[in-house]
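> Show me how the following folds:
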Amino acid sequence: MSTLHSKIQELASEFAISVLDAVRSASLGDILGESTAGAARGVPGQPKAADRGEARVARASRSIGRLKRRSAEDIADALGSVVALLKKNKTGLRAEQIREQLAMQAKEMPRVLKEGLAKRSLRSKGRKRATTYFAA
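Residues are numbered from 1 along each chain as shown. Alright, predicted model coming up:
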């Protein structure tokens with residue numbers, strides 16, 4: 001049994017060394033092409049080849065890092081648009097729905113909603129993700 005174990009260990013070591021040599025000798029373009037090739041073959045959970053470029057653009061434009069510092073006027077403008085939207089929807093909207101309809105980032109919402117509740121221009125009902133916001 002020990003000879004089988006040592007043989008398997010030797011083969012695994014040789015395999016790992018040959019894979020590392022192949023990766024080291026390949027160009028970055030080859031490596032990136034191979035890592036995204038699974039999407040072209042239809043690997044579950046991976047975007048299709050045509051969607052990859054669009055997804056990259058969407059991710060890049062959506063957010064990179066922190067938000068830029070917003071002034072009080074910026075927050076007031078965002079709150080004004082949230083209040084206007086909620087006045088159109090008498091049944092109220094959840095934060096996710098507000099964000100989608102106003103094309104805002106998820107990071108922008110908490111401050112705007114908190115300001116609206118503090119200034120009493122918004123009222124809320126519910127808890128956590130089930131919170132529904134209404135125009136006051």
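
> Show me the shaky parts of the protein.
1, 35-64 (pLDDT under 70).

> switch to 90 and redo it
Counting by pLDDT under 90, the chain contains low-confidence residues at 1-3, 5, 19-69, 108, 136.

> That one: helices as residue ranges?
2-25, 28-40, 49-62, 72-88, 95-102, 109-118 (DSSP state H).

> Next, format those as TSV and append mean neighbour count.
In short, each C-beta sits where N, CA and C put it, glycine included. Formatted as TSV, the helices of the chain follow (neighbours: other Cβ atoms under 10 Å):
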stretch	mean neighbour count
helix 2-25	9
helix 28-40	11
helix 49-62	11
helix 72-88	15
helix 95-102	15
helix 109-118	16
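
> want to try JSON lines for the ones you listed, with distance to Phe134 as columns?
Compiled in JSON lines, these are given as follows (distance: least, Cβ to Cβ, whole Å):
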{"stretch": "helix 2-25", "distance to Phe134": "57"}
{"stretch": "helix 28-40", "distance to Phe134": "43"}
{"stretch": "helix 49-62", "distance to Phe134": "28"}
{"stretch": "helix 72-88", "distance to Phe134": "6"}
{"stretch": "helix 95-102", "distance to Phe134": "11"}
{"stretch": "helix 109-118", "distance to Phe134": "10"}
